[in-house]
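Colleague: just coords:
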């Protein structure tokens with residue numbers, strides 16, 4: 001039996017950032033900016049981009065600097081780059097959400113806080129700044145080109161807790177974490193959830209590992225339904 005090939009995204013660059021844009025056949029009800037983790041790339045999240053299209057949403061996955069085909073090194077301008085992608089997404093839909101995992105969860109939360117207009121943010125096992133600093137200094141945060149000196153100074157001056165507290169009430173928050181995460185303890189998401197204001201939701205899943213939630217089809221659908229409710233003003 002032959003199956004149709006999945007729809008190909010539109011590839012492009014914006015300010016030196018390589019991106020893949022997924023568009024539904026109808027006017028998007030929302031757009032999602034996808035932030036990948038350290039050492040990853042946009043292609044790792046094409047499955048979520050296609051899932052978004054199935055919900056009549058647009059999505060853009062992009063290579064953070066120092067990763068994939070984007071220019072430059074990953075550093076203190078990372079959140080400005082997320083905002084650039086939010087601007088790109090608003091060319092297709094005024095309603096924008098962000099979704100990120102690990103380092104991408106950190107960037108998605110900070111991006112939503114800096115943007116101030118996002119409808120929702122979905123953060124999967126988000127990495128707080130102290131974890132990122134330890135990983136950078138120990139050499140465990142690898143697989144990409146980094147402005148190490150600038151990145152270290154920047155991480156010393158930011159707070160994921162403060163950023164997440166600033167989201168309410170404009171931006172709905174969904175935190176997802178696996179209890180079996182071997183890199184970032186699930187208690188991090190519990191602490192962030194306590195610091196956040198409403199509307200918010202926390203899902204801690206049994207078992208799993210650091211990357212298990214990202215590509216779970218049921219949890220992808222849960223994230224998209226959460227965004228859908230946030231955009232439509234329903235209870236999240």
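Modeller: That came through fine. Since the model is a prediction, treat every value here as computed from it, not as a measurement. Residues are numbered from 1 along each chain as shown.

Colleague: in this structure, which spans are strands?
Modeller: Taking DSSP state E as the criterion, the chain contains strands spanning 10-14, 17-22, 31-35, 58-62, 96-101, 120-124, 172-178, 200-205.

Colleague: Could you tell me how far the third one lies from the centre of the chain?
Modeller: A distance of 6 Å separates the C-alpha centroid of strand 31-35 from that of its chain, computed with CA atoms, centre = their mean, to the nearest Å.

Colleague: That strand pairs with which strands, parallel or anti?
Modeller: Here strand 31-35 is paired, per DSSP bridges, with strand 58-62 (parallel), strand 96-101 (parallel).

Colleague: Contacts for the last one, please.
Modeller: Around strand 96-101, the neighbours that count as contacts under CB atoms under 8 Å, 6 or more residues apart in numbering are 30-37, 48, 82, 86, 89-90, 106-109, 111-112, 115, 117-126, 211, 213-214, 223, 227, 230-231. C-beta here means a position set from N, CA and C on the backbone, and glycine is covered the same way.

Colleague: filter the residues you listed to the buried ones?
Modeller: Neighbour-count burial (16 or more other CB atoms under 10 Å) applied to these gives 30-37, 48, 82, 86, 89, 106-109, 111-112, 115, 118-126, 211, 213-214, 223, 227, 230-231.

Colleague: What residues does residue 18 make contact with?
Modeller: Applying CB under 8 Å, 6+ apart to residue 18 gives the contacts 11, 12, 42, 62, 63, 68, 69, 70.

Colleague: ok, now which ones touch the residue lying closest to the second one once chain neighbours are set aside?
Modeller: Meaning residue 12. Leaving out its chain neighbours, the residue that sits closest to residue 12 by CB to CB, 6 or more residues apart in numbering is residue 19, at 5.8 Å. Going by CB under 8 Å, 6+ apart, residue 19 touches 11, 12, 13, 42, 60, 61, 62, 63, 85, 88.

Colleague: Verify the stated contact: the first one with residue 22.
Modeller: Just to be clear, that refers to residue 11. No. Under the criterion of CB atoms under 8 Å, residue 11 is not in contact with residue 22, lying 10.9 Å apart.

Colleague: Among the two, which residue is more densely surrounded?
Modeller: Using other CB atoms under 10 Å, the more surrounded residue of residue 11 and residue 22 is residue 22, with 24 against 11.

Colleague: in the sheet, who's paired with that one?
Modeller: Counting by DSSP bridges, residue 22 forms beta bridges with residue 59.

Colleague: was I right about it contacting residue 59?
Modeller: Yes. Counting by CB under 8 Å, residue 59 is a contact partner of residue 22 at 4.4 Å.

Colleague: So which residue is dead centre in the chain?
Modeller: Central residue of the chain (CA atoms, centre = their mean): residue 100, 1.8 Å from the mean position.

Colleague: do you know how far residue 217 is from residue 54?
Modeller: Applying CB to CB, to the nearest Å, the value for residue 217 to residue 54 is 11 Å.

Colleague: wait, doesn't residue 189 sit right on residue 204?
Modeller: Yes. Look at residue 189 against residue 204 with CB under 8 Å: they come within range, at 6.8 Å.

Colleague: Could you pull out the residues contacting both of those two?
Modeller: residue 177.

Colleague: if I pick residue 107, what's in contact with it?
Modeller: If you count contacts by CB under 8 Å, 6+ apart, then residue 107 has 35, 64, 78, 79, 82, 100 around it.

Colleague: Reformat those residues into a markdown table and put pLDDT and distance to residue 162 next to each item.
Modeller: Shown next, in a markdown table, are those (pLDDT from 0 to 100; distance: CB to CB, whole Å):
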| residue | pLDDT | distance to residue 162 |
| --- | --- | --- |
| 35 | 98 | 19 |
| 64 | 98 | 22 |
| 78 | 98 | 17 |
| 79 | 98 | 13 |
| 82 | 98 | 17 |
| 100 | 98 | 17 |
